[in-house]
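Student: Just need the structure, nothing else, for what follows:
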Amino acid sequence: MSKPTFKAKPMQVQVPASSANLGPGFDAFGLALAMHDRYVAQVLDDVMLDIDVTGEGAGEVPLNEKNLLVKAMYKGFDYLGGRPKGLAIRALNVNPHGRGLGSSASAIIGGLVLARALVLNGEDHMSDIQLLSLATDMEGHPDNVSAALFGGATISWFESEKHKASAHCVRLNVDPRIQAMAYIPAKAVATSKARKMLPDSIPFADAVTNSRNASLMSHALTTRPDLLFTATEDFLHQSYRADAMPESFALVQKLRGAGVAAFISGAGPTVLALHTADQREVEELKLAGGKAFEATPLEIASRGAVLL
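Tutor: Sure thing, here's the model as predicted:
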């Protein structure tokens, strides 16, 4: 591919937060949530990297080539034939980091979408599926990045193509009655730490039940919200991670004991509850987390990453 021609004007993208697994759908199900990070980028003629971050992660994330947004942009530019001399980047982060709400997926998708948008005819050379594959290479699993890219609910998987695992997904239109309540704790839990706690195998009976519940999930999300409680019951991973987030696991048990479709969001420690509650019931749900969690009502984001 010849060296790309870059656009001079700045481009801006908005990317939703996301939850993964949704209980039993480990590394498969994703759900876009209406909590958006915004990123702006412009190509510069001078050799420099000018980064400014406000909101979540300000003063914590690196302001150099190690920044995840920058890494994603460079990966996108490399795919499209070459990098510009310089970049000016602005990030307005709302999604809390290390809480299981897909902040890294937002940055990765945002960076790749911006890179494609800054290249003349970039969409002709990088399809959404190709962008998803690049994002999955960075993230390691396609569940969050699929939801961040396409919005709604997604089911992701890998297929072997030319001796390489390639990510794919299907998008589901979520029943408009379904809303979410995120219970966000103050402390983060690293995804890498949470994954190390998973067992190599689980009992066969648990695998059967988990498979059944995960199979029910797509129908519950699109047509039958009354089935969400059963569809979100997990036997594969949550209990094995309980020691890393005891308060979160206890809240899941409390909510499910009251008949609420609650689960650990992604690798945690945020707890997510899906519901069709009225305003009075929503206010009651807010109180369930107590002082240890910030209860945040969220709508399902029907759209994924969008250029503004």
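Student: Show me the chain divided up by domain.
Tutor: Taking automatic domain parsing as the criterion, the chain consists of the domains 11-172+303-307, 179-298.
Student: Now do the shortest one: distance from first to last residue.
Tutor: Yep, that's domain 179-298 we're talking about. Taking C-alpha to C-alpha, to the nearest Å, the first and last residues of domain 179-298 lie 6 Å apart.
Student: Can I get stretch 227-241 as PDB, trimmed to CA atoms?
Tutor: Taking C-alpha atoms only, stretch 227-241 is exported to PDB below (Å, rounded to 0.1, in the frame of the first residue of the first chain):
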ATOM      1  CA  LEU A 227     -35.800 -13.900  31.200                       C
ATOM      2  CA  LEU A 228     -32.700 -11.800  32.100                       C
ATOM      3  CA  PHE A 229     -32.500 -13.100  35.600                       C
ATOM      4  CA  THR A 230     -31.900 -16.600  34.500                       C
ATOM      5  CA  ALA A 231     -29.900 -15.600  31.400                       C
ATOM      6  CA  THR A 232     -27.400 -13.700  33.500                       C
ATOM      7  CA  GLU A 233     -26.600 -16.400  36.100                       C
ATOM      8  CA  ASP A 234     -23.000 -17.500  35.800                       C
ATOM      9  CA  PHE A 235     -21.300 -20.700  36.700                       C
ATOM     10  CA  LEU A 236     -18.000 -20.200  34.800                       C
ATOM     11  CA  HIS A 237     -16.000 -17.300  36.300                       C
ATOM     12  CA  GLN A 238     -17.500 -15.000  38.800                       C
ATOM     13  CA  SER A 239     -17.300 -17.100  42.000                       C
ATOM     14  CA  TYR A 240     -13.600 -17.800  41.300                       C
ATOM     15  CA  ARG A 241     -12.800 -14.100  41.300                       C
END
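Student: Which strands and helices lie in contact with the helix or strand containing L33?
Tutor: Assigned by DSSP states H and E, L33 falls within strand 29-44. Packing partners of strand 29-44 (3 or more C-beta pairs under 8 Å, 6 or more residues apart in numbering; DSSP states H and E): strand 11-20, strand 86-93, helix 103-118, helix 143-150, strand 153-161, strand 179-185, helix 204-222, strand 293-298. Yep, even glycine has a C-beta here, placed from its N, CA and C like the rest.
Student: Flag the shaky bits of the stretch 51-200 of the chain, pLDDT-wise.
Tutor: Regions of the stretch 51-200 of the chain meeting the criterion pLDDT under 70 cover residues 162-163, 191-194.
Student: what's stretch 209-226 in contact with?
Tutor: Contacts of stretch 209-226 with the rest of the structure, by C-beta atoms under 8 Å, 6 or more residues apart in numbering, involve 22-25, 28-29, 31, 153, 155, 172-175, 177-178, 202, 227-228, 230-236, 274, 276.
Student: can you tell me which of the residues you listed are in helices?
Tutor: Secondary structure of those is defined by DSSP state H; positions in helices are L228, T230, A231.
Student: Just the buried subset of the contacts of stretch 209-226, please.
Tutor: 22-25, 28-29, 31, 153, 155, 172, 174-175, 178, 227-228, 231-236, 274 (16 or more other C-beta atoms under 10 Å).
Student: what's the closest of the ones in helices among the contacts of stretch 209-226 to G57?
Tutor: Proximity of the ones in helices among the contacts of stretch 209-226 to G57, judged by C-beta to C-beta, is greatest for L228, which lies at 31.8 Å.
Student: What pLDDT is listed against the closest one?
Tutor: Model confidence at L228, expressed as pLDDT, equals 97.
Student: could you list every residue that touches it?
Tutor: Residues in contact with L228, defined by C-beta under 8 Å, 6+ apart, are I178, A220, L221, A261, L274, H275.
Student: I figured the fourth one hits V271, correct?
Tutor: No. The pair formed by A261 and V271 falls short of the contact definition of C-beta atoms under 8 Å, at 11.2 Å.
Student: Identify the residues contacting R256.
Tutor: Residues touching R256, when contacts are defined by C-beta under 8 Å, 6+ apart, comprise F229, E233, A262.
Student: I'd like the distance from the first one to P62, if you could.
Tutor: Noted for F229: a distance of 42 Å to P62, by C-beta to C-beta, to the nearest Å.
Student: Looking at these two now, which is surrounded by more residues?
Tutor: When F229 and P62 are compared on other C-beta atoms under 10 Å, the one with more neighbours turns out to be F229, at 18 against 13.
Student: I'd say that one and V260 touch.
Tutor: Yes. A contact is recorded between F229 and V260 when judged using C-beta under 8 Å, the distance being 7.4 Å.
Student: avg pLDDT for stretch 232-239?
Tutor: Stretch 232-239 shows an average pLDDT of 83 in the prediction.
Student: now stretch 300-308
Tutor: In this model, stretch 300-308 has an average pLDDT of 97.
Student: Residues touching that stretch, excluding its own?
Tutor: When contacts are defined by C-beta under 8 Å, 6+ apart, stretch 300-308 is touched by residues 11-17, 31-34, 36, 38, 109-110, 113, 117, 147-153, 173-174, 178-180.
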